[in-house]
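Asks: Model the following, please.
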Amino acid sequence: MLLFLLSCFSFIIVFKSSNLYEMVSFLTPKFWIQLFLRPVLKNHASFELSKLDDFEMSLLDLHDLALDQILEQLSPAELCSLAGVCTYLRSKCRSNDMWEKHMEKKWGRIIGNAALREWHWYMANNNKRKYSISGGNNGGSFYSICSWWPLNLVFRPKLQRKSEIKGDLPPDSIMAWYLSLETGEFWFPAQVYNRENGHDGFMLSCYDAKISYNLKTDTFQARYSPHGRRTIEENISWSRLRTPPIDTPPYNLHISDCLDDLRPGDHFEIQWRRNKAYPYGWWYGVIGHLESCSVNEDHCICHDSETVIMEFNQYAPESRWRRKKVSRKDHREEGNEADGFYGGIRKLYSKQEISMWKSLWPTKVLN
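Replies: Model (predicted):
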């Protein structure tokens, strides 16, 4: 009994001196009912708005549809907090329906099929791993309140024990995936533009990496292939990441299926690697004209030639990296140890992809 009284006393002091009181008021049905109904009911002369002020009910008394609409307005942090109230709200707040939009909004742009496969593999090999709604490597206070048991007393007098309320997230839940990403616990495959923070040797390229999120800095760290002079990069912004546009692994040659469609002015990406022990990176370029072409659109015959000119205009005209000839008919990996090896080609059709590459254009001409 003494321990109980001390716990209650401590909670009251902390509760009154923090923003928890506002958070609790924010989550009560009265707050939401007044928020949504007052603007509507004030137009009805027969309804006294003062009745809303006397409205009292439990959050759990709401119909499922009304409760779901309230929960859909909550942030991930608020869903985590409310999940610690009772078993019923825990089930509601942890459901995939509540987390799909949060997953898509924050992670949809950089999470692709490769990351999903990696997640399934990760869970299959960590089937004993438990995901608590109050855990996290760098989540800190973001999750610590999720299972703070005195908060439960504010919402409902008849609650189960803390261990029953807290629970563990099922490994196949979207919430479990979201928390693993948010806390940086899960490393997933993505591609990084201009690796090594825009080093001249990687300008207008995009390389595969395993990345992990840092909640405190809102940036990522990347682990690249062990080959090369550097394998780890930190403080990567969201804008330098993308999901792999195709499912070709970084060590595999992409089978080019666009060679017959390439015309001068078309934008493309081509695989390139320093030597055959390295993974490919994707490099941006534009299709150029043959030296024998008049560069006149009405008389250009470049598209009829078996040779395609790949131009990399970030390099100076005299640079050995400026132009590359490839064959339309029998193009495979080609190159040497001095100039590297050129691989598969993909034509860019998306204006968004092309715009992204142009936004990364170097501020100086490369040699």
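Asks: ok, what's across the strand from residue 222?
Replies: With DSSP bridges as the criterion, residue 222 is bridged to residue 211, residue 233.
Asks: got the contact list for it?
Replies: Contacts for residue 222 (C-beta atoms under 8 Å, 6 or more residues apart in numbering) come out as 192, 195, 209-211, 232-234, 236. To be clear about C-beta, it is placed using only N, CA and C from the backbone, and glycine gets the same treatment.
Asks: Emit the PyMOL select command for whichever of those residues are buried.
Replies: Applying 16 or more other C-beta atoms under 10 Å to those, the buried members can be selected in PyMOL as follows:
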select buried, resi 192+195+209+210+211+233+236
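Asks: can you give me the strands in the stretch 51-200 of the chain?
Replies: Here the stretch 51-200 of the chain has its strands, by DSSP state E, counting those that start in this stretch, at 188-193.
Asks: Low-confidence ranges, it, go.
Replies: 51-59, 127-169, 171 (pLDDT under 70).
Asks: Domain map for this structure?
Replies: 2-182, 188-242, 259-359 (automatic domain parsing).
Asks: Can I get stretch 209-218 in PDB, CA atoms only?
Replies: Presented in PDB, the C-alpha positions along stretch 209-218 are these (Å, rounded to 0.1, in the frame of the first residue of the first chain):
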ATOM      1  CA  ALA A 209      23.900   0.500 -49.700                       C
ATOM      2  CA  LYS A 210      22.400  -0.800 -46.500                       C
ATOM      3  CA  ILE A 211      21.100   2.300 -44.600                       C
ATOM      4  CA  SER A 212      19.900   3.000 -41.100                       C
ATOM      5  CA  TYR A 213      17.900   6.000 -39.800                       C
ATOM      6  CA  ASN A 214      19.000   8.300 -37.000                       C
ATOM      7  CA  LEU A 215      16.000   9.800 -35.300                       C
ATOM      8  CA  LYS A 216      17.900  12.500 -33.400                       C
ATOM      9  CA  THR A 217      19.500  14.000 -36.500                       C
ATOM     10  CA  ASP A 218      16.800  13.000 -39.100                       C
END
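Asks: can you pull out the helices in the stretch 151-300 of the chain?
Replies: All helices of the stretch 151-300 of the chain, identified by DSSP state H, counting those that start in this stretch, fall at 162-166, 174-182, 195-198.
Asks: of all those, which lies closest to residue 80?
Replies: helix 174-182 (8.1 Å; C-beta to C-beta).
Asks: picking up where we left off before, let me know which of the helices of the stretch 151-300 of the chain is tucked in deepest.
Replies: A comparison of the helices of the stretch 151-300 of the chain by mean neighbour count, using mean count of other C-beta atoms under 10 Å, puts helix 174-182 on top with a mean of 23.
Asks: helices or strands up against that helix?
Replies: helix 76-82, helix 96-107 (3 or more C-beta pairs under 8 Å, 6 or more residues apart in numbering; DSSP states H and E).
Asks: who touches the residue nearest in space to the middle of the chain in this structure?
Replies: The centroid of the chain falls nearest to residue 107 when counting by C-alpha atoms, centre = their mean (2.6 Å). Residues near residue 107 by C-beta under 8 Å, 6+ apart: 178, 181.
Asks: could we number from 57 for the rest of this?
Replies: Right, with 57 as the first residue, what we last looked at is residue 163.
Asks: Distance check, it against residue 371.
Replies: To residue 371, residue 163 is 35 Å away according to C-beta to C-beta, to the nearest Å.
Asks: Mind checking the pLDDT average for stretch 415-423?
Replies: For stretch 415-423, the mean per-residue pLDDT is 92.
Asks: circling back to that earlier point, what is the nearest of the contacts of residue 278 to residue 341?
Replies: Scanning the contacts of residue 278 for proximity to residue 341, where the rule is C-beta to C-beta, the winner is residue 251, at 17.5 Å.
Asks: Checking my notes, residue 364 in a helix, right?
Replies: No: applying DSSP: H, G, I helix; E, B strand; the rest coil, one finds residue 364 to be strand, outside a helix.
Asks: Quick check: beta-bridge partners of it?
Replies: According to DSSP bridges, beta-bridge pairing links residue 364 with residue 382.
Asks: Pull the number of nearby residues for it.
Replies: Residue 364: 24 surrounding residues under other C-beta atoms under 10 Å.
Asks: Pull the contacting residues for it.
Replies: 315, 318, 343, 381-384.
Asks: farthest pair in those?
Replies: Across these (C-beta to C-beta), the longest gap, 14.0 Å, separates 343 and 383.
Asks: which of those two has more neighbours?
Replies: Ranked by neighbour count (other C-beta under 10 Å), residue 343 and residue 383 place residue 343 first, with 19 against 13.
Asks: out of everything not next to it in sequence, what's closest to that one?
Replies: residue 322 (4.5 Å; C-beta to C-beta, 6 or more residues apart in numbering).
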